[in-house]
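1. here is a sequence with its predicted model. Questions after.
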Number of protein chains: 2
Amino acid sequence: MDFFPSALENLIDKFSTLPGIGRKTAQRLAFFVISLPDGEAQAFAQAIADAKHFVRCCSICLNLTDGDTCAVCRNERRDASVICVVSDPKGVLAIERSHEYNGRYHVLHGVISPMNNVGPDDIRIKELIERVADTGVEEVIMATNPDTEGETTARYISRLLKPFEIKVTRLAYGIPVGGSLEFADDATLMRALEGRLEI
Amino acid sequence: MDFFPSALENLIDKFSTLPGIGRKTAQRLAFFVISLPDGEAQAFAQAIADAKHFVRCCSICLNLTDGDTCAVCRNERRDASVICVVSDPKGVLAIERSHEYNGRYHVLHGVISPMNNVGPDDIRIKELIERVADTGVEEVIMATNPDTEGETTARYISRLLKPFEIKVTRLAYGIPVGGSLEFADDATLMRALEGRLEI
């Protein structure tokens, strides 16, 4: 179906390569973009080019940044002896949102996933081990997602960290706040019982 | 929440201005774009700039094109005495897909909609009347959407076309092919009965 002008077809194609965007949605988006005023469409194009050009990984924790290091690593008041390990930058955002954590981060940029051909060497584990070896880290908190791949990755890393004799912890499992017992799955309930705390 | 590098925040903002794209989806799209290889991200940015730059309205039918006139208007084998009036370029695409129509088009770029402050002068009705006045058009087929606004627009235009004493028709209403009587709404059934044909 090559009915629209080729520049428009091309834009529709580009939009439909985005995750979760089908052909129809891509069409709607492309039509919207060409209906924008000149300046706004240019700004959109520029935003893509800029994001690609300026955004890189922090040289310490591999979180996304536009400088050499990220805002967390630059912040002297953040506790450098605790590292929270997340699978991607969105994990950092989620934990920052809780305003509960004052340590540093390490972004793995993936999880070990044999099904998707992602092995330990394909994610940034080496950099974490080097950081732990070089600096006075006292605790590593594993905050990968609570699914099979996240679990596997957390266990794999905790094994690698054994020789350093530091504390390696895992985010607690349990019933989500505001959740309902009725709808909690068996595995979560089991973990919630195991991890019960005195009140 | 200004946690990501500003270039990335900016791209997320841009994506979230697109129709039907919320903040979370915009984040996912922006992350995907910055994870693309350099060349592909550049090509995406370029596609937006190009689409905005090259795509314009056909000088005859106002359909989208990258030349002066569109492929349909350039095609000498298309019957210039029949004009099918649609509200937007997607309507042209839909009718072309049926491979049933061999006339020309006229794209209104909107429908009359008092609720949205769109009056007859805000859409391209004037250009249609001029075409009908200037060239030997024998039939105008109204193919606006079968909703209140599409109907209003079709009636308004058909009134304007009265003085030219040409045939003005409307796409037939009825039960969609492959549809089920059970799920047809009352208005559609009524129209299907009214428009019944001898077999």
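-> Thanks, I have the structure now.

2. low pLDDT regions in chain A?
-> Within chain A, the stretches with pLDDT under 70 are A:1-2.

3. list the contacts for the residue nearest the centre of it?
-> In chain A, the residue lying closest to the centroid (Cα atoms, centre = their mean) is A:Asp88, at 1.7 Å. Counting by Cβ atoms under 8 Å, 6 or more residues apart in numbering or on different chains, A:Asp88 makes contact with A:107-110, B:31. The way it works is simple: take the backbone N, C-alpha and C, and place the C-beta from them, glycine included.

4. likewise A:Ala7?
-> Taking Cβ under 8 Å, 6+ apart, we find A:Ala7 in contact with B:47, B:50-51, B:53-55, B:66.

5. among these, which two are most distant?
-> B:Ala47 and B:Asp66 (13.1 Å; Cβ to Cβ).

6. more neighbours: the two, which one.
-> Set B:Ala47 next to B:Asp66 and count neighbours by other Cβ atoms under 10 Å in any protein chain shown: B:Ala47 wins out with 23 against 18.

7. just checking, the more buried one is part of a helix?
-> Yes. The assignment for B:Ala47 (DSSP: H, G, I helix; E, B strand; the rest coil) places it in a helix.

8. any idea how many residues pack against the residue lying closest to A:Cys73 once chain neighbours are set aside?
-> Nearest residue to A:Cys73, sequence neighbours excluded (Cβ to Cβ, 6 or more residues apart in numbering or on different chains): A:Ile60, at 4.4 Å. A:Ile60 has 20 neighbours, counted by other Cβ under 10 Å.

9. give me the element A:Arg104 is part of.
-> In this assignment (DSSP states H and E), A:Arg104 forms part of strand A:103-107.

10. ok, back up a step: is the residue nearest to A:Cys73 in a helix, a strand, or coil?
-> When classified by three-state DSSP, A:Ile60 comes out as coil.

11. so it sits against A:Arg131, correct?
-> Yes. Using Cβ atoms under 8 Å, A:Ile60 is in contact with A:Arg131, at 7.3 Å.

12. next, the angle strand A:103-107 makes with the top strand by length along chain A.
-> The longest strand of chain A (DSSP state E) is strand A:79-86. Comparing the axes of strand A:79-86 and strand A:103-107 via axes from the mean of the first three to the mean of the last three Cα atoms, to 10 degrees yields an angle of 40 degrees.

13. buried sites along strand A:79-86?
-> In terms of neighbour count (16 or more other Cβ atoms under 10 Å in any protein chain shown), strand A:79-86 has its buried residues at A:80, A:82-86.

14. picking up where we left off before, which one of the contacts of A:Ala7 has the most neighbours?
-> Sorting the contacts of A:Ala7 by how many neighbours each has (other Cβ under 10 Å) puts B:Ala51 first, at 27 neighbours.

15. what's the helix or strand for that one?
-> Per DSSP H and E: helix B:38-54 holds B:Ala51.

16. run the chain-centre distance for that helix.
-> Between the centre of helix B:38-54 and the centre of its host chain there is 24 Å, according to Cα atoms, centre = their mean, to the nearest Å.

17. hmm, that helix in reach of chain A?
-> Yes. Applying Cβ under 8 Å from any Cβ of the partner chain, one finds helix B:38-54 in contact with chain A at B:38, B:41-54.

18. now the angle from that helix to helix A:38-54?
-> Computed by the same axes, to 10 degrees, the angle separating helix B:38-54 from helix A:38-54 equals 170 degrees.

19. buried ones in helix B:38-54, by neighbour count?
-> By 16+ other Cβ under 10 Å, the buried positions in helix B:38-54 come out as B:41-54.

20. turn those residues into JSON lines, columns for distance to A:Tyr101.
-> Shown next, in JSON lines, are the buried residues of helix B:38-54 (distance: Cβ to Cβ, whole Å):
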{"residue": "B:Ala41", "distance to A:Tyr101": "32"}
{"residue": "B:Gln42", "distance to A:Tyr101": "37"}
{"residue": "B:Ala43", "distance to A:Tyr101": "39"}
{"residue": "B:Phe44", "distance to A:Tyr101": "35"}
{"residue": "B:Ala45", "distance to A:Tyr101": "35"}
{"residue": "B:Gln46", "distance to A:Tyr101": "40"}
{"residue": "B:Ala47", "distance to A:Tyr101": "40"}
{"residue": "B:Ile48", "distance to A:Tyr101": "38"}
{"residue": "B:Ala49", "distance to A:Tyr101": "41"}
{"residue": "B:Asp50", "distance to A:Tyr101": "44"}
{"residue": "B:Ala51", "distance to A:Tyr101": "43"}
{"residue": "B:Lys52", "distance to A:Tyr101": "43"}
{"residue": "B:His53", "distance to A:Tyr101": "47"}
{"residue": "B:Phe54", "distance to A:Tyr101": "49"}
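
21. from these, which single one is nearest B:Ala154?
-> Nearest to B:Ala154 out of the buried residues of helix B:38-54 is B:Ala51 (Cβ to Cβ; 30.1 Å).

22. for the closest one, which non-adjacent residue is spatially closest?
-> Spatial nearest neighbour of B:Ala51, excluding adjacent residues (Cβ to Cβ, 6+ apart): A:Leu11 at 4.0 Å.

23. which one of the residues of helix B:38-54 next to chain A is nearest to B:Asp147?
-> Among these, and counting by Cβ to Cβ, the member closest to B:Asp147 is B:Ala51, at 28.5 Å.
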